[in-house]
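Q: next comes the sequence, and after it the predicted model I'd like to discuss.
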Amino acid sequence: MENSEKIICNCMDVSEKEIIDAIKNHGCDTVEKVGDKTGAGTGCGGCVEEIEILIEQNKK
């Protein structure tokens, strides 16, 4: 499995690749916007910190 296919949100089965796509191609610059687009971070919330890191690393 490539790193980009790593599952970040287990509750909603959302991969790192999907989250990065939401950030780069759909303007999702907050955890809430990523959640609205992908569902990530809307379950138990255990992945919120990792989503924040991906936003910081991938924002324009």
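A: Perfect, I can see it now. Residues are numbered from 1 along each chain as shown.
Q: what's downstream of the strand or helix carrying residue 18, the next helix or strand?
A: Per DSSP states H and E, residue 18 falls inside helix 16-26. The element immediately downstream of helix 16-26 (helix or strand, assigned by DSSP H and E) is helix 31-38.
Q: what's whichever helix or strand comes after that following helix in contact with?
A: Using DSSP H and E, the helix or strand that follows helix 31-38 in sequence is helix 48-58. The contact list for helix 48-58 (Cβ atoms under 8 Å, 6 or more residues apart in numbering) reads 8-9, 16, 19-20, 23-24, 28-31, 34, 40-41. Just so you know, the C-beta spots here come from the backbone N, C-alpha and C atoms, and that holds for glycine as well.
Q: hmm, 10 Å instead?
A: With contact meaning Cβ atoms under 10 Å, 6 or more residues apart in numbering, helix 48-58 is reached by 6, 8-9, 14, 16, 19-24, 28-35, 38, 40-42, 45, 47.
Q: and what of stretch 30-39?
A: Applying Cβ under 10 Å, 6+ apart, the set of residues contacting stretch 30-39 from outside is 8-9, 11-15, 18-23, 25-28, 40-43, 45, 47-52, 54-55.
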